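Engineer: sharing a model prediction with you, sequence too.
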Amino acid sequence: MGLLEGKRALITGVANERSIAYGIAKAFRREGAELAFTYAIEKLRPKVEEIAHQLGSRLVMKCDVTSDEDIKNVIQTLEKEWGFLDILVHSIAYAPKEEFKGGVIDTSREGFKIAMDVSVYSLIALTREALPLMEGREGSIITLSYYGAEKVVPHYNVMGIAKAALESTVRYLAYDIAKKGHRINAISAGPVKTLAAYSITGFHLLMEHTTKVNPFGRPITIEDVGDTAVFLCSHWARGITGEVIHVDNGYHIMGVFGREEDIK
Ligand code: NAD
């Protein structure tokens, strides 16, 4: 029997087969969960429908997280179709491309607002709306963060600030939803070549460096992230909430920029 047998999960943030959310969805399906998906814009619908179909789901809904109406519609549809929800995966972030070019000092007011709204407030809004559907269940929520929340990663800029806010949001929400018996955690994933990652100036260098320096000397895959998400959403993780779990092959534990063989 799979670890998520009998559970129903809403997966946001799938854009294509490279998306971290796709890695999570695949792992959830393997473990027996039933899935529903959202897409942000019409252009993404066919791909998300194809992926949903592949993973045995026919529930695909539009949800631009800057729209309260879209969020409400998704929850209403889930209420009608499923009646309850066990898992919410928030795998969404966005800032205009220009914000990744210079430094934080160049951040525009509008870029800051957009980054915080799409990448942080959306977690609060989705969690609040999803709560009634989790009533009486052991609900679990997952969001995606990155090391740039903790340390300066050149060009990550306003998204680093947004991820720091996101990790703090996870702790505050963890406190709020614990009253209902639910949990929320963040996975801080190592760099993965996805659509979102391509916006970041010099991402390939970041990827190269991280892969070389982490103790395993290999890149993180969406399957690595998916398997951790399964654990966090399973009953086995019932004592873990408000946590930020690094799935980065140990990159964040390193105190020097190189492995033994490189610094001899
Ligand atoms: P991705 O481009 O595949 O996914 C990002 C998703 O955000 C897309 O599906 C996009 O449609 C969605 N999105 C953007 N604006 C939206 C809006 N207004 N409403 C609804 N959805 C919207 O890239 P990804 O790397 O899989 O990103 C998923 C999450 O993982 C993000 O939070 C990202 O910051 C985080 N993350 C990525 C990496 C990496 O290196 N790729 C590392 C750590 C964390």
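Structural biologist: Perfect, I can see it now.

Engineer: what about A174, which SS state?
Structural biologist: Recorded secondary structure, A174: helix (DSSP: H, G, I helix; E, B strand; the rest coil).

Engineer: which residues touch it?
Structural biologist: By Cβ atoms under 8 Å, 6 or more residues apart in numbering, A174 lies in contact with R183, I184, N185, T241, G242. Backbone N, C-alpha and C define where each C-beta goes, glycine included.

Engineer: how far away is it from D64?
Structural biologist: Distance check for A174 against D64: by Cβ to Cβ, to the nearest Å, it reads 26 Å.

Engineer: same question for Y156.
Structural biologist: Counting by Cβ to Cβ, the gap from Y156 to D64 is 24 Å.

Engineer: more neighbours: which of those two?
Structural biologist: Just comparing Y156 and D64: by other Cβ atoms under 10 Å the higher neighbour count belongs to Y156, 25 against 15.

Engineer: per-residue pLDDT of that one, please?
Structural biologist: pLDDT recorded at Y156 is 96.

Engineer: now S199
Structural biologist: 86.

Engineer: wait, it touches F100, no?
Structural biologist: Yes. Using Cβ atoms under 8 Å, S199 is in contact with F100, at 5.4 Å.

Engineer: which parts of the stretch 151-264 of the chain sit against the ligand?
Structural biologist: A189, P191, V192, T194, L195, A196, A197 (Cβ under 6 Å from any ligand atom).

Engineer: out of these, which end up buried?
Structural biologist: Taking 16 or more other Cβ atoms under 10 Å as the criterion, what is buried in these is A189, P191, V192, T194, A196, A197.

Engineer: which of the residues you listed fall within strands?
Structural biologist: A189 (DSSP state E).

Engineer: now the buried ones among the residues of the stretch 151-264 of the chain next to the ligand as TSV including distance to G255?
Structural biologist: Output for those, formatted as TSV (distance: Cβ to Cβ, whole Å):
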residue	distance to G255
A189	21
P191	19
V192	24
T194	28
A196	28
A197	25
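
Engineer: just the ones of the buried ones among the residues of the stretch 151-264 of the chain next to the ligand in helices?
Structural biologist: Counting by DSSP state H, no part of these is found in helices.

Engineer: all set, thanks.
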